[in-house]
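[1] with the sequence up front, the predicted model follows.
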Amino acid sequence: MTIVLITGANRSIGLETAKQLSAKGLFVYLGSRNLTKGEAIVKELNEQGFNNIKAIEIDVTNHESVLAAKNSIEQEHGKLDILINNAGILGTQPQTATETSVENIKEVFETNFFGVIHVTQAFLELLKRSESPRISNITSGLGSLTLHNDPNWKYYQVKSAAYGPSKTALNAYTIVLAHELKDSNFKVNVIDPGYTATDFNHHSGPGSVESAASFIIKHTLTEDDAPTGQFFSNDIEDETGISPW
C-alpha cells in the first residue's frame, strides 16, 4: 500500500487532498498540530466512508514533534512513499516591505520554509525505502519572482514581505533538493494549487478546494519518467501547468 503524509491537513486544501487520496486507495496520515482536532476530523471522515486515514500529531516548527511523527510512521509501516509539505501560515497582515516586522517575517519563514526542511530531512530515510518516492512542496504563485516582476500578471499588485518571500525561498530549496536527488527514483516538485477559496484567505480566491487538491495529486502521483525539480501552478493556463520561477 502507498503511504502518504500530508502536513497541515486538518482543513482546506490539505484535508481535501487527504480525502481524494484516500478515495484512490492510498493510506493517508493526516498531519495536524493538535492531535485531538485531527482525530475528530478523522472520525468524521470515517463516518463518510474514508477508512484509510489516520491522524498524526506533527508541528513542523517543533523538531521533537517531527521526529515523533517519523518514528510512529516507521513503526507502523516502515516506509513513506509520498510526503506533501502542505503546512503553511500567512502571517500578520498587511506585509509592506517598509513596515513588516522582522519577527513577523521570521514566524512565517519558520513554518513555510524551515518547517519544510525539518520535515523533509527527517523523513528522507523512510522515503528512500519507497520504490517511487515523491516530495511535493506546496507553494504559491506569489513565490514566482518572474511573475511578480511582470506588470501584466493578474496578481501583480499583490505583494507581501513575508508570505511571498517564504515561498520563493521554498522554491529555491526545492530546486536544490531535486538536483541532489536527480539520479534516484525521487520526484521532487513545487506545486501551486492556485488562488483557492479557503479559510487561509477568507474565502476570497476563485478556485475550489476540489480543483486545488486534484491538481496537487495530478503532479504528485506521477510516473517514473515524470519531471522533477519543476514548478507547477493551477493558475497557469496551458496544458503543462508549468510556472516561471
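    Yep, that arrived.

[2] now L126, nearest residue through space, not along the chain?
    In this structure, L126 finds its nearest non-sequential neighbour in L80, 4.0 Å apart by C-beta to C-beta, 6 or more residues apart in numbering. Any C-beta I mention is one placed from the backbone N, CA and C, and that applies to glycine too.

[3] tell me if I'm right that the one you found and F123 touch.
    Yes: using C-beta atoms under 8 Å, L80 makes contact with F123 at a distance of 5.5 Å.

[4] common neighbours of these two, please.
    Common neighbours of L80 and F123, using C-beta atoms under 8 Å, 6 or more residues apart in numbering, are L5, I73.

[5] so, low pLDDT: which residues of the protein?
    197, 199-206 (pLDDT under 70).

[6] can you point me to the longest helix in it?
    What stands out as the longest helix in the chain, according to DSSP state H, is helix 163-180.

[7] ok, the next helix-or-strand element following it: who's next to it in the sheet?
    Once the chain leaves helix 163-180, the next helix or strand it forms, by DSSP states H and E, is strand 187-192. Applying DSSP bridges, strand 187-192 is found paired with strand 134-138 (parallel), strand 231-233 (parallel).

[8] and among these, the most buried is which?
    Comparing those by mean neighbour count (mean count of other C-beta atoms under 10 Å), strand 134-138 ranks first with a mean of 25.

[9] and the contacts of that one?
    For strand 134-138, using C-beta under 8 Å, 6+ apart, the contacting residues are 13, 81-86, 88, 116, 120, 127, 170-171, 173-174, 177, 186-193, 216, 219-222.

[10] so the residue of the chain most remote from its centre, which of the three states?
    The outermost residue of the chain relative to its centre, with distances by C-alpha atoms, centre = their mean, is T98 at 28.9 Å. Three-state call for T98 (DSSP: H, G, I helix; E, B strand; the rest coil): coil.

[11] which ones are touching the residue positioned nearest the centre of the chain?
    Residue closest to the average C-alpha location in the chain (C-alpha atoms, centre = their mean): N86, at 2.4 Å. Contact analysis of N86 by C-beta under 8 Å, 6+ apart lists I6, T7, G8, A9, I13, G14, T17, G31, I138.

[12] G78 now?
    L126, R129.

[13] I'd like to know how far it sits from L170.
    Remark: distance between G78 and L170 (C-beta to C-beta, to the nearest Å) = 28 Å.
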